[in-house]
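J.: Following is a predicted model, sequence given first.
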Amino acid sequence: MENSNLHVGGFLFQGLFLPRSASNFIVRWNAPPQGFFKLNFEGSHLHNSAAGGFIIKDWTGNLLKARAALYGDSLILVAEARALRDGLHEAVKAGFKHLVGEGHNTTVT
């Protein structure tokens, strides 16, 4: 890992970034069926600190909601579950009735 600065869309991100390697891969977002919304969520854990977040997009790919949060000293499964819970809470609050969810942890999903 290396300390780096990353410039994206006029924003500066500072922190640790993994160097590119043969194990890196491209991730592609797959749209939900027409009339549905999609909740993608993810948790992360590094050095006794957990975080998670979610995004909600419509079937055309428009970003509707997004949030990230620090969860402190938690297990990765807790971070994944909390990110899902936070996303579901926002989806219900926004009135999204047709929702598809996607996460990468098979224990949580």
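T.: Everything's here; your move. In this text the structure is predicted, and so the values were computed from the model without any measurement. Numbering: from 1, shown residues only.
J.: my read: residue 71 touches residue 78, true?
T.: Yes. Assessed by CB atoms under 8 Å, residue 71 is found in contact with residue 78 at 6.7 Å. To be clear about C-beta, it is placed using only N, CA and C from the backbone, and glycine gets the same treatment.
J.: who touches both of these two?
T.: Residues touching both residue 71 and residue 78 by CB atoms under 8 Å, 6 or more residues apart in numbering: 43, 50.
J.: which residues touch the helix or strand residue 101 falls within?
T.: If you go by DSSP states H and E, residue 101 is part of strand 99-102. Residues from elsewhere that reach strand 99-102 (CB under 8 Å, 6+ apart): 30, 32-33, 36-41, 84, 87-88, 91, 109.
J.: try 6 Å
T.: Here strand 99-102 makes contact (CB atoms under 6 Å, 6 or more residues apart in numbering) with 32, 36-40, 91.
J.: and the gap between residue 48 and residue 89?
T.: Using CB to CB, to the nearest Å, residue 48 is found at 26 Å from residue 89.
J.: Neighbour count: those two, which is higher?
T.: More crowded of residue 48 and residue 89, by other CB atoms under 10 Å: residue 89, with 12 against 8.
J.: buried ones in the one helix or strand that one maps to?
T.: Residue 89 belongs to helix 76-94 when assigned by DSSP H and E. Within helix 76-94, the residues scored as buried using 16 or more other CB atoms under 10 Å are 76, 78-84, 86-88, 90-91.
J.: what does stretch 58-71 give?
T.: Buried-residue list, stretch 58-71, by 16+ other CB under 10 Å: 58, 65, 71.
J.: go on, stretch 41-48?
T.: 41-43, 45.
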